[in-house]
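Colleague: next input, structure requested:
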Amino acid sequence: MTVDERKPINTTGVIQNLILENRGKLSISGVLDVLSFDDQVVILETELGLLTVKGENLRINKLSIDTSEVIVEGDISSLNYSDKTTEKSKGSLMSKIFK
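Modeller: Below you'll find the predicted structure:
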């Protein structure tokens with residue numbers, strides 16, 4: 001997909017922060033749900049779409065429902081947003097915890 005083919009995202013009223021410290025600690029605000037995670041990939045549903053974090057030895061260090069904040073630590077190599085309409089995996093972490 002070229003830059004010209006990308007659809008603009010309506011971000012009116014949405015505030016989301018990504019803070020990456022030394023490629024080892026990622027703080028994310030505006031997280032709605034954790035869809036899946038393992039030591040190489042973390043997939044999060046955020047206010048601005050699905051966020052995929054890739055790397056090595058990844059772990060979720062903080063998960064706060066009250067502040068919609070997640071902290072991922074490990075050797076982070078890639079951050080990628082995709083459209084909210086992208087098919088999600090069956091059942092999220094939060095839905096599995098609170099079943």
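Colleague: C-alpha only now, for contacts and for neighbours.
Modeller: Noted.
Colleague: strands along the chain, start to end?
Modeller: 18-21, 25-29, 31-37, 41-46, 49-64, 69-82 (DSSP state E).
Colleague: pLDDT weak spots in the protein?
Modeller: Low-confidence segments of the chain, defined by pLDDT under 70: 1-12, 84-99.
Colleague: circling back to that earlier point, reformat the strands of the chain as TSV; add mean neighbour count.
Modeller: Formatted as TSV, these follow (neighbours: other CA atoms under 10 Å):
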stretch	mean neighbour count
strand 18-21	13
strand 25-29	19
strand 31-37	20
strand 41-46	21
strand 49-64	17
strand 69-82	17
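Colleague: and Arg23, how far is that from Asp33?
Modeller: Arg23 sits 22 Å away from Asp33, going by CA to CA, to the nearest Å.
Colleague: residues in contact with Ser77?
Modeller: Ser77 makes contacts with 23, 53-56, as judged by CA atoms under 8 Å, 6 or more residues apart in numbering.
Colleague: between those, which sits nearest Ile65?
Modeller: Among these, Val53 lies closest to Ile65 (CA to CA), at 19.2 Å.
Colleague: just list the residues touching the closest residue to Ile15 other than its chain neighbours, thanks.
Modeller: With CA to CA, 6 or more residues apart in numbering as the criterion, Ile15 has its nearest non-adjacent residue at 6.9 Å, and that residue is Gly30. Residues near Gly30 by CA under 8 Å, 6+ apart: 15-17, 46-47, 68-69.
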